[in-house]
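> fold the stuff below for me.
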Amino acid sequence: MNRARPGRPDADSDKLIPMPLDPRLLDILCCPACHGDLVEKAEGLHCQGCGLLYPIEDGIPVMLVDQARQVDK
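The predicted structure is shown next:
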């Protein structure tokens, strides 16, 4: 089974460039640990409150505290 991955092809390589999340999704999501606001970064969703970074895998935010990592605020 050939499953398409979200993203758009990079003109210079076979790699996919991640598509940005829908702004409406960012409006309703919050950090599950502290309920802080999230900002989309290249590495994932960054909480402005506690500094956790939630990964985005295959275009889907992984909003699990045990999957997040601490980064500088």
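
> strands of this structure, residue ranges please.
8-9, 16-17, 38-41, 44-47, 52-54, 56-57, 60-61, 69-70 (DSSP state E).

> between these, which one is closest to residue 26.
strand 38-41 (6.3 Å; C-beta to C-beta). Backbone N, C-alpha and C define where each C-beta goes, glycine included.

> contact partners of that closest one?
The contact list for strand 38-41 (C-beta atoms under 8 Å, 6 or more residues apart in numbering) reads 20, 21, 26, 29, 30, 31, 45, 46, 47, 48, 53, 54.

> let me know the closest of those residues to residue 71.
The closest of those to residue 71 turns out to be residue 53 (C-beta to C-beta; 4.7 Å).

> I'd say the closest one and residue 31 touch.
No - contact criterion C-beta atoms under 8 Å: residue 53 and residue 31 do not qualify, at 10.2 Å.

> so where's this structure shaky on pLDDT?
Low-confidence segments of the chain (pLDDT under 70): 1-18, 73.

> neighbours of residue 48, how many?
By the criterion of other C-beta atoms under 10 Å, residue 48 has 12 neighbours.

> OK, contacts around it?
Contacts of residue 48 by C-beta under 8 Å, 6+ apart are 36, 37, 38, 39, 73.

> these: which two are farthest apart?
38 and 73, at 12.9 Å, using C-beta to C-beta across the contacts of residue 48.

> what about the two, which has more around it?
Remark: of residue 38 and residue 73, residue 38 carries more neighbours, 23 against 10, as counted by other C-beta under 10 Å.

> so the more buried one bridges to which residues?
Beta-bridge partners of residue 38, counted by DSSP bridges, are residue 47.

> so how far is residue 23 from it?
12 Å (C-beta to C-beta, to the nearest Å).
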